[in-house]
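Chemist: Structure of the sequence below:
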Amino acid sequence: MSNKSATLQLCIDRKCLILQLFYMDEIPGSISGFLLDPNFTFVGIEVGDDVLKLKNEYGLECGSSRDIREAAKERWPGRFRRPGLKDLAWEVCGLRMRKPKHVCMSNWEARVLNEAQVEYACIDAFASYKIGHKLLIEKC
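Modeler: Below is the predicted model:
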């Protein structure tokens, strides 16, 4: 297995898109344009690392991004040390997440992802979206 990012997980509201970048010969211009759109902020845990990998591995630029772990720590100083997505989903949104280790550690470079992988990726993207929305838009 390579160290190259295999998937790009996107979510807006209840719509998720999981792109298998690893097998794309060319990234559609619509995806590049979407990532640069100033109307969107891409969120996640340590999302800056993901943005850098997208640029270095696929030549994709991202307009705006925000680390939701850091946003939560700024919102509630002293409440969190180094929370993961599962912790933030519960603490910020009341969302319970299952993150089975066998799925997390499975082969994300497979040409066809299995149902558990797709579900995991969508839940991951959805939780990041909900946390980001709560912290950055709703300003809870």
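
Chemist: all contacts plus neighbour counts: C-alpha atoms, from now on.
Modeler: Will do.

Chemist: show me where the protein has strands.
Modeler: 8-12, 15-19, 42-44, 65-67 (DSSP state E).

Chemist: just those: most buried one?
Modeler: strand 42-44 (a mean of 23; mean count of other Cα atoms under 10 Å).

Chemist: Could you dump the strands of the chain into JSON lines and include mean pLDDT and distance to residue 80?
Modeler: As requested, those are exported to JSON lines (pLDDT from 0 to 100; distance: least, Cα to Cα, whole Å):
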{"stretch": "strand 8-12", "mean pLDDT": "96", "distance to residue 80": "25"}
{"stretch": "strand 15-19", "mean pLDDT": "97", "distance to residue 80": "28"}
{"stretch": "strand 42-44", "mean pLDDT": "98", "distance to residue 80": "16"}
{"stretch": "strand 65-67", "mean pLDDT": "98", "distance to residue 80": "14"}
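
Chemist: Quick one: closest of those strands to residue 26.
Modeler: Nearest to residue 26 among the strands of the chain is strand 15-19; the distance by Cα to Cα comes to 12.0 Å.

Chemist: centre of the chain versus the closest one, how much separation?
Modeler: 10 Å (Cα atoms, centre = their mean, to the nearest Å).

Chemist: export the strands of the chain to CSV and tack on distance to residue 112?
Modeler: Converted to CSV, the strands of the chain look like this (distance: least, Cα to Cα, whole Å):
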stretch, distance to residue 112
strand 8-12, 14
strand 15-19, 11
strand 42-44, 24
strand 65-67, 29
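
Chemist: residues in contact with stretch 5-14?
Modeler: Here stretch 5-14 makes contact (Cα atoms under 8 Å, 6 or more residues apart in numbering) with 16-22, 53-54, 57, 108-109, 121-122, 125-126, 129-130.

Chemist: from the chain's centre, how far out does that stretch sit?
Modeler: Using Cα atoms, centre = their mean, the offset of stretch 5-14 from its chain centre is 6 Å.
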